[in-house]
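[1] only geometry, no sequence info:
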């Protein structure tokens with residue numbers, strides 16, 4: 001499988017808790033978590049500049065040349081959210097399960113890449129928004145009683161993780177003198193707060209390299 005350059009931004013940013021949970025649900029009987037790919041496209045513009053051969057008055061020849069330049073590839077950002085009543089989830093890795101590189105498809109599963117993302121549980125409580133590091137609500141009081149003010153709700157959305165695959169398309173543009181694309185399926189792996197394995201799938205992540213400039 002072609003090497004993938006992945007930009008991982010692990011800021012753990014918490015977004016607004018309004019709205020519905022993202023799609024791509026997976027989990028077990030105590031876990032329900034989704035992942036949303038924001039803007040769902042990683043892209044880069046690759047520009048070709050061609051200078052024709054030049055001959056000066058003394059007959060000196062400057063050969064023709066082609067120069068390619070690429071902009072900064074834009075990433076795909078991911079947001080994770082638990083469903084109401086779900087355990088919290090620790091996302092500890094990601095891997096590619098399908099890779100369509102400009103029409104050449106590979107279903108070889110890539111090696112796992114380590115990440116560290118905590119997704120709070122699908123419960124709300126009066127103090128949820130102010131919990132340190134966006135930790136989950138405590139279900140019990142200090143004397144072991146179940147709290148009545150902890151109720152099922154969409155978990156806090158956790159973003160700040162991004163991957164960019166478009167930079168792997170730059171060489172393909174220069175090779176073919178045309179735009180290029182890739183489509184990636186990803187699995188995020190980890191475990192719930194109760195130690196159960198969790199897999200979250202993000203499919204059809206689209207990446208594009210746009211060819212610009214001279215023909």
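    Here it is on my side, so go on. In this text, all values refer to a predicted model and were calculated from it rather than measured experimentally.
[2] All the helices of the chain, in order from the start?
    With DSSP state H as the criterion, the chain has helices at 170-176.
[3] for it, which spans come out with low pLDDT?
    Applying pLDDT under 70 to the chain flags the ranges 1-29, 38-41, 133-134.
[4] quick one, strands of it?
    Under the criterion DSSP state E, the chain contains strands at 33-38, 41-51, 54-55, 61-62, 65-70, 76-82, 89-101, 104-106, 113-119, 123-124, 151-152, 158-163, 180-192, 197-213.
[5] could you say what helices and strands the first one packs with?
    Meaning strand 33-38. If you count contacts as 3 or more C-beta pairs under 8 Å, 6 or more residues apart in numbering; DSSP states H and E, strand 33-38 packs onto strand 76-82, strand 197-213. C-beta: built from backbone N, CA, C; applies to glycine.
[6] closest one to residue 52 among those?
    strand 197-213 (14.3 Å; C-beta to C-beta).
[7] For that closest one, buried residues please.
    Buried residues in strand 197-213, counted by 16 or more other C-beta atoms under 10 Å: 198, 200, 202, 205, 206, 207, 208, 209, 210, 211.
[8] Please determine how far the fifth one is located from residue 115.
    This points to residue 206. Per C-beta to C-beta, to the nearest Å, residue 206 is found 21 Å from residue 115.
[9] list the contacts for the residue of the chain most remote from its centre?
    Computed with C-alpha atoms, centre = their mean, the residue of the chain farthest from its C-alpha average is residue 58, at 57.0 Å. Not one residue lies near residue 58 by C-beta atoms under 8 Å, 6 or more residues apart in numbering.
[10] Kindly report the same for the one 10 residues further on.
    Taking C-beta under 8 Å, 6+ apart as the contact definition, residue 68 lies against 46, 47, 48, 49, 170, 173, 174.
[11] again, only using 6 Å
    Going by C-beta atoms under 6 Å, 6 or more residues apart in numbering, residue 68 touches 48, 174.
[12] do residue 215 as well
    With C-beta under 6 Å, 6+ apart, residue 215 has no contacts at all.
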